[in-house]
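> The following block contains a protein sequence and its predicted model.
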Amino acid sequence: MRAVSVHSDAIVVTSLFWQCNAIALRAGGEAMLIDSPYFPDELELLPSVLAQSGFEPNALLATHGDFDHLLGRMAFPGLALGVAESTMRRIRARPGEAQRELRDYDAEAYVERSKPLSLGEVQALPVPGQLELGDQELALLTAEGHTPDGMAIWAPWLGVLCTGDYLCPVEIPWIDAGGSIDDYRNTLARLAPVVEQAETVVPGHGAPQSRAAALRQIDEDSDYLDALERGDERPALPKGRDTKRQREIHAANLRQVG
Ligand SMILES: [Zn+2]
């Protein structure tokens, strides 16, 4: 796990598993943690890693309902978890899904946990909408297409945009169950003008990106979605993302949209 400050009031903690990012933001004496690392030791260390930099979260957010983004409460068991209304609908429609997936991935990687995942108190947030953090306001933006649910989180006073599983430099656009190419395109179109104003774009997986890099990726990902829509079996994948694993995701995308 590594921690990188992207602003004096924003820190990104990156897990060794899938480069999952947890992002802490602060304003006016309050702090919020978005998403989570994965391994039990990372979750155990997270509160002290954040505290060393002066971040003590009062609240948790998850960008979407995939299990690898929902583990914040394992580090901060006393805090409620805020999610988009769309994510709340997904959790209600498929109860226990995140717990089952976590168990399966843990079993594959031989990860043992002292406790199963419990989501605890989950609060549905209107998206698009605003959310107070101390003396500032976060903007919650609809981000769907990867899955049927989710939000991106924009902290304008920090210039930090947290995109969830969009604009990940380590992953091609992934159309998972309930996602769609059209929704994905709409999300990229919605994020583009915000990226234009951002200093740093923090994806759900992989290193934080500059505005220029994130804008380049919007173009690359749009081109990929075009190829996916055409049903190309072997499209050119973007530089740095042309790997066996990304080819597997492409094959799964073809099955999903086909
Ligand atoms: Zn993810």
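Yep, it's here.
> Quick one: residues contacting the residue nearest to residue 119 when sequence neighbours are not counted.
Leaving out its chain neighbours, the residue that sits closest to residue 119 by C-beta to C-beta, 6 or more residues apart in numbering is residue 81, at 6.1 Å. In this view, the C-beta of every residue, glycine as well, is placed from N, C-alpha and C. Taking C-beta atoms under 8 Å, 6 or more residues apart in numbering, we find residue 81 in contact with 60, 61, 62, 70, 72, 73, 119, 120, 121, 122, 123.
> Help me confirm that residue 240 comes into contact with residue 169.
Yes: using C-beta atoms under 8 Å, residue 240 is in contact with residue 169, at 6.8 Å.
> more crowded one of these two?
residue 169 (20 against 11; other C-beta atoms under 10 Å).
> Counting neighbours, what do you get for the closest residue to the more buried one other than its chain neighbours?
The shortest distance from residue 169 to any non-neighbouring residue, by C-beta to C-beta, 6+ apart, is to residue 206 (4.3 Å). Residue 206: 19 surrounding residues under other C-beta under 10 Å.
> going forward, begin numbering at 336 instead of 1
Will do, 336 is the new start, and the previous item becomes residue 541.
> Just to check, residue 541 is in contact with residue 354?
Yes: if you go by C-beta under 8 Å, residue 541 and residue 354 touch, sitting 5.0 Å apart.
> where do the contact lists of the two overlap?
residue 505.
> Tell me which residues touch residue 532, please.
For residue 532, the contact set (C-beta under 8 Å, 6+ apart) comprises 491, 494.
> where's residue 457 relative to the ion, distance?
Residue 457 sits 18 Å away from the ion, taking C-beta to the ion, to the nearest Å as the criterion.
> before we move on, back to that, the contacts of residue 416, buried ones only, as a PyMOL selection?
To isolate the buried subset of the contacts of residue 416 in PyMOL, counting by 16 or more other C-beta atoms under 10 Å, use the following:
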select buried, resi 395+396+397+405+407+408+454+457
